[in-house]
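Undergrad: Turn this into a model:
(2 chains)
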Amino acid sequence: MDGNTKVYKCRCIVKGSYAGEAIVSRDPMCFYLCNPETGEVIERNHAIHGRSIANKVLVLKSGKGSSVVQVDGFYQLKAKNTLPGAIIIRDTEPVIVSAAVVMGTTMVDRMESDPFDAISDGDYVEVDADAGEVRVRKAGN
Amino acid sequence: MYLTDEEKSILNGEHGFGNMKAMELLVGLGKAFDAEKLIPVSRAHVALSGQEGDTYWCELLVNGGASCKVSPTTNPSWDVENLTKIYDVTSYERELGERTIDVYRRIGAKLTFCCTPGLGTNVPFLGEHIAFSESSATPYVNSVLGARSNRESSVSALAAAVIGKTPYYGFHLDENRTGDFLIDVDAQMEDPYDWGILGYAVGKIAGSRIPVLRFNNLCKRPGPEDFLYFGAEAATSGSVAMYHFVGITPEAGTIEDAFKGKKVPSSETMINQKTLDDQEAKISVGETGPINLVMLGCPHYTFDQIKEVERLMNGRKVHSGTAFWILSSVDAIELAERSGIRQRLEKLGVRIVADTCIDEPCWKSFEGSLGVTDSPKCAYYRERRGQPFVVRRLVQCVESAVNGRVR
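TA: Numbering: from 1, shown residues only, chains lettered A, B, ... in the order given. Below you'll find the predicted structure:
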């Protein structure tokens, strides 16, 4: 680990580890309104409309929407290998936790710093849920 | 999290794979929300959908030997037997529909296929601990009936039905059921559509907080449909699972009750007629012109709403290029049949179907053209399937059906 990497403690919700490019959604998300082929968010007026979450580290405000489509959204993205590799969630809510547990998507919350301050689009982020750590290397460093 | 020896043995797989998976999800949720233990539930409602993700989970449990300790009522998927006589679906979609019905039958659910359980088939009492999924049902049972359910997903509600328990956190605890903020409302609330618009506006402000609404000059007490529309939309634009109406809902007899144990805050915002008119304008934006479908019943229409459609049709026929469907519950349709309304509406071209949701493959022959609905929730979820819906109040939906176009 180099001097440009910052390490933050977090809490594990679903075990696993993953490293990749960050995408930050300050809006809550309903995964059903993603295109499973590409991982693109298709919900109009959404903070990350038109951008792909596939195989990224998704920094997410929260989940939203109906109590069933979230799970199917996860399922369809998983089937096409376009789910995020890991999700860092800020405001944890039950439906998205259910979806992540059932589909086995690595998920953490309670980062010691606000993830929206600590992480920006394009940063290289390692989520190590088992160790309870998020490691962030800022883009451009 | 405390687990009894029996709960631990389920988690260790000693009671079979299906029970183990269900317990893993309950414990995962319990840990995520710092639950101290699991508590028994007396009722459950599963928002099955006929979608792969959800059917996959039910198959995983039932094929792993699980069955329901508490038999849950279920959401609609679609009426495979009857709608396939009219509309084309792929063989895969038909099979998935049949698989869904079969697997929920095998796990021991009550196959009500209706998204409004709190109105008839599964009505909890004040203070009852339950696990209800369906984003419009959860706020209804919590807020209007005073029962205690978290915002369950379809998968966690099924896990609770299988184990007969749910993690003890969130809305099961007194301290989490009190209001978070106050909204004053001063507007004409005429019909369920107005309550839906209000719910949409409130959901955007509330997020997942508990709103307390104080009404000035309310012309009449909200009825079941009004509460349903309010909750459905507040859970679409936000994730509201609990709300209080001062002097109306059971845990908010007074404003002090609504904020029990907390200081009553000053009003965070005032919603007036202009707020609602602006919100309605935003929701009803979109194309105008020829339509191929009018779809009502998200949430499922009640008998009284079906009756209101007949009144507004006033004997006129639906335009030849337009289909008019009302989605409803088995019991409301039976009443409509007994009273002759169903037969009279069918002669006008208005058809009613049970067991069916707006967001199902049976409706895909309408895609690529414009639809009209009175439900913003319907419009929101159909976006993914490539059918734009224009949202209008019921009276305008009926006029659009007669004219074959929306203005």
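Undergrad: Nearest residue to the closest residue to chain B within chain A in space, please, no chain neighbours.
TA: In chain A, the residue that lies nearest chain B is A:Y75 (3.0 Å; Cβ to the nearest Cβ). No exception for glycine: its C-beta is placed from N, CA and C like everyone else's. Leaving aside its sequence neighbours, A:Y75 sits nearest to B:G53 (Cβ to Cβ, 6 or more residues apart in numbering or on different chains; 3.0 Å).
Undergrad: Identify the residues contacting that neighbour.
TA: A:68, A:71-76, A:99, A:102-103 (Cβ atoms under 8 Å, 6 or more residues apart in numbering or on different chains).
Undergrad: In a markdown table, list these along with neighbour count and pLDDT.
TA: Output for the contacts of B:G53, formatted as a markdown table (neighbours: other Cβ atoms under 10 Å in any protein chain shown; pLDDT from 0 to 100):
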| residue | neighbour count | pLDDT |
| --- | --- | --- |
| A:V68 | 29 | 80 |
| A:V71 | 32 | 91 |
| A:D72 | 25 | 92 |
| A:G73 | 27 | 94 |
| A:F74 | 25 | 96 |
| A:Y75 | 23 | 96 |
| A:Q76 | 21 | 96 |
| A:A99 | 29 | 95 |
| A:V102 | 27 | 95 |
| A:M103 | 21 | 95 |
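Undergrad: so of those residues, which ones are in helices?
TA: The members of these that map onto helices under DSSP state H are A:71-76, A:99, A:102-103.
Undergrad: Farthest pair within those residues?
TA: The span of the ones in helices among the contacts of B:G53, defined through Cβ to Cβ, is set by A:Q76 and A:V102 at 13.2 Å.
Undergrad: What does the nearest residue to B:G368 once chain neighbours are set aside show for phi and psi?
TA: The shortest distance from B:G368 to any non-neighbouring residue, by Cβ to Cβ, 6+ apart, is to B:G386 (6.6 Å). In terms of degrees, to the nearest 10, the main-chain angles of B:G386 are phi 80, psi 20.
Undergrad: before we move on, what about B:P40?
TA: Dihedral angles of B:P40 (phi, psi; degrees, to the nearest 10) stand at phi -70, psi 150.
Undergrad: Can you classify the closest residue to chain A within chain B as helix, strand or coil?
TA: Relative to chain A, the nearest point of chain B is B:G53 (3.0 Å; Cβ to the nearest Cβ). Following DSSP: H, G, I helix; E, B strand; the rest coil, B:G53 is assigned to helix.
Undergrad: Would you mind measuring from it to B:S266?
TA: Relative to B:S266, B:G53 is positioned 43 Å away (Cβ to Cβ, to the nearest Å).
Undergrad: quick one: contacts for A:G16?
TA: Counted by Cβ under 8 Å, 6+ apart, A:G16 has contacts A:86, A:104-106, A:129-130.
Undergrad: if you set the cut-off to 7 Å instead, what comes out?
TA: Neighbour list for A:G16: A:86, A:106, A:129 [criterion: Cβ atoms under 7 Å, 6 or more residues apart in numbering or on different chains].
Undergrad: Residue nearest the middle of chain B, spatially speaking?
TA: When Cα atoms, centre = their mean is applied to chain B, the residue found nearest the centroid is B:S136 (3.1 Å).
Undergrad: from what I can see that one touches B:A235, true?
TA: Yes: counting by Cβ atoms under 7 Å, B:S136 does reach B:A235; the two are 6.1 Å apart.
Undergrad: Would you list the phi and psi of B:G286?
TA: Main-chain dihedrals, B:G286, degrees, to the nearest 10: phi 140, psi -170.
Undergrad: which phi and psi does the closest residue to it other than its chain neighbours have?
TA: Among residues not flanking B:G286 along the chain, B:V390 sits closest, at 4.7 Å (Cβ to Cβ, 6+ apart). According to degrees, to the nearest 10, the main-chain angles of B:V390 amount to phi -90, psi 130.
Undergrad: Report the contact partners of residue 76.
TA: Answering for chain A, as no chain was given. Applying Cβ under 7 Å, 6+ apart, one finds that A:Q76 lies in contact with A:36, B:53.
Undergrad: actually chain B
TA: So B:P76 contacts B:113-115, B:355-357 (Cβ under 7 Å, 6+ apart).
Undergrad: for A:G39, same thing?
TA: By Cβ under 7 Å, 6+ apart, the residues touching A:G39 are A:52-54, A:77, A:82.
Undergrad: next one: phi and psi at it?
TA: Backbone torsions of A:G39, given as degrees, to the nearest 10, read phi 80, psi 10.
Undergrad: On the three-state scheme, the residue lying closest to it once chain neighbours are set aside is what?
TA: Nearest residue to A:G39, sequence neighbours excluded (Cβ to Cβ, 6+ apart): A:A54, at 3.0 Å. On the three-state scheme (three-state DSSP), A:A54 is labelled coil.
Undergrad: cool, and B:A252?
TA: coil.
Undergrad: Can you tell me which of the contacts of A:G16 has the most neighbours?
TA: A:A86 (28 neighbours; other Cβ atoms under 10 Å in any protein chain shown).
Undergrad: Would you mind measuring from that residue to B:S153?
TA: A:A86 is 20 Å from B:S153, where distance means Cβ to Cβ.
Undergrad: go on, B:Y381?
TA: Going from B:Y381 to B:S153 by Cβ to Cβ gives 16 Å.
Undergrad: Who has more neighbours out of these two?
TA: Taking neighbours as other Cβ under 10 Å, B:Y381 and B:S153 compare with B:S153 leading, 34 against 22.
Undergrad: In contact with the more buried one, which residues?
TA: A:67-68, A:70-71, A:94-95, A:98-99, B:133.
Undergrad: quick one: which two of those are the most distant?
TA: Greatest spacing in those, by Cβ to Cβ: A:V68 and A:P94 (12.9 Å).
Undergrad: Quick check: which ranges of chain B have low pLDDT?
TA: B:384 (pLDDT under 70).
Undergrad: Next one: the longest strand along it, is it in contact with chain A?
TA: Taking DSSP state E as the criterion, chain B has its longest strand at strand B:293-301. No: on the criterion Cβ under 7 Å from any Cβ of the partner chain, strand B:293-301 is out of touch with chain A, staying 10.5 Å away.
Undergrad: Just the CA trace of that strand, in PDB.
TA: Output of strand B:293-301 as PDB, limited to C-alpha atoms (Å, rounded to 0.1, in the frame of the first residue of the first chain):
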ATOM      1  CA  LEU B 293     -54.100   1.000 -23.300                       C
ATOM      2  CA  VAL B 294     -55.800   2.300 -20.200                       C
ATOM      3  CA  MET B 295     -54.700   0.500 -17.200                       C
ATOM      4  CA  LEU B 296     -56.000   1.000 -13.700                       C
ATOM      5  CA  GLY B 297     -55.400  -1.000 -10.500                       C
ATOM      6  CA  CYS B 298     -51.900  -0.200  -9.200                       C
ATOM      7  CA  PRO B 299     -52.500  -0.800  -6.300                       C
ATOM      8  CA  HIS B 300     -55.400  -3.200  -7.000                       C
ATOM      9  CA  TYR B 301     -58.700  -1.500  -7.500                       C
END
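Undergrad: by how many degrees do the helix or strand just after it and strand B:293-301 diverge?
TA: Where DSSP states H and E defines the elements, the next helix or strand beyond strand B:293-301 is helix B:303-313. Angle, helix B:303-313 to strand B:293-301, by axes from the mean of the first three to the mean of the last three Cα atoms, to 10 degrees: 150 degrees.
Undergrad: This completes my enquiry, with thanks.
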